[in-house]
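**Student:** the following comprises the amino acid sequence and a computationally predicted model.
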Amino acid sequence: MKQPINTEKAPAAIGPYSQAVEANGFIFASGQLPIDPATGQFAEGGIKEQTRQSILNAQSILQAAGLDLSNVVKTTVYLDNMDDFAAMNEVYAQFFASPFPARSAVAVEKLPKGALVEVEVLACRG
């Protein structure tokens with residue numbers, strides 16, 4: 001059985017998908033763009049500010065499920081430009097502690113709305 005997870009503390013879905021879905025104790029969060037849910041706009045600044053906002057959005061979704069970033073077992077980071085990897089990684093390291101989640105980081109041709117980064121998390125209970 002799958003259960004949708006939604007919160008007003010993260011940007012609303014902009015298509016036919018849920019912010020996250022829980023199934024069998026796993027929370028599958030949709031990729032989070034760097035949209036500030038209070039303004040509906042991208043976080044001001046560059047890759048660091050956008051990475052921070054994307055992770056904060058993922059964190060808010062997990063909190064709606066009663067979890068936090070320590071429950072994350074896998075992340076996927078989509079970058080508009082791989083040259084931003086080091087700056088993204090610097091901010092990313094501020095949110096995750098050992099044992100770190102597994103991670104993939106890939107450059108893509110284009111992200112929705114012209115974002116510089118999108119962050120997706122997979123978390124589990126227990």
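**Tutor:** Looks like it arrived, so ask away. Numbers count the residues shown, from 1 in each chain.
**Student:** ok, which stretches of this structure are strands?
**Tutor:** Here the chain has its strands, by DSSP state E, at 2-5, 20-23, 26-29, 35-36, 41-42, 72-79, 102-107, 117-124.
**Student:** out of those, deepest packed?
**Tutor:** strand 117-124 (a mean of 23; mean count of other C-beta atoms under 10 Å). Any C-beta I mention is one placed from the backbone N, CA and C, and that applies to glycine too.
**Student:** what is that strand packed up against?
**Tutor:** Contacts defined by 3 or more C-beta pairs under 8 Å, 6 or more residues apart in numbering; DSSP states H and E place strand 117-124 against strand 26-29, helix 47-64, strand 72-79.
**Student:** note down every partner strand of the shortest one and its orientation.
**Tutor:** The strands that strand 26-29 pairs with in its sheet are strand 20-23 (antiparallel), strand 117-124 (antiparallel) (by DSSP bridges).
**Student:** for residue 108, find the nearest of those.
**Tutor:** strand 117-124 (8.3 Å; C-beta to C-beta).
**Student:** what angle separates the closest one from helix 47-64?
**Tutor:** 30 degrees (axes from the mean of the first three to the mean of the last three C-alpha atoms, to 10 degrees).
**Student:** can you list the residues that contact strand 117-124?
**Tutor:** 25-34, 47, 50-51, 54-55, 57-58, 62, 65, 67, 69, 71-80, 84, 88, 101, 111-112 (C-beta atoms under 8 Å, 6 or more residues apart in numbering).
**Student:** can you add mean pLDDT and give the strands paired with strand 26-29 back as JSON lines?
**Tutor:** Formatted as JSON lines, the strands paired with strand 26-29 follow (pLDDT from 0 to 100):
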{"stretch": "strand 20-23", "mean pLDDT": "97"}
{"stretch": "strand 117-124", "mean pLDDT": "98"}
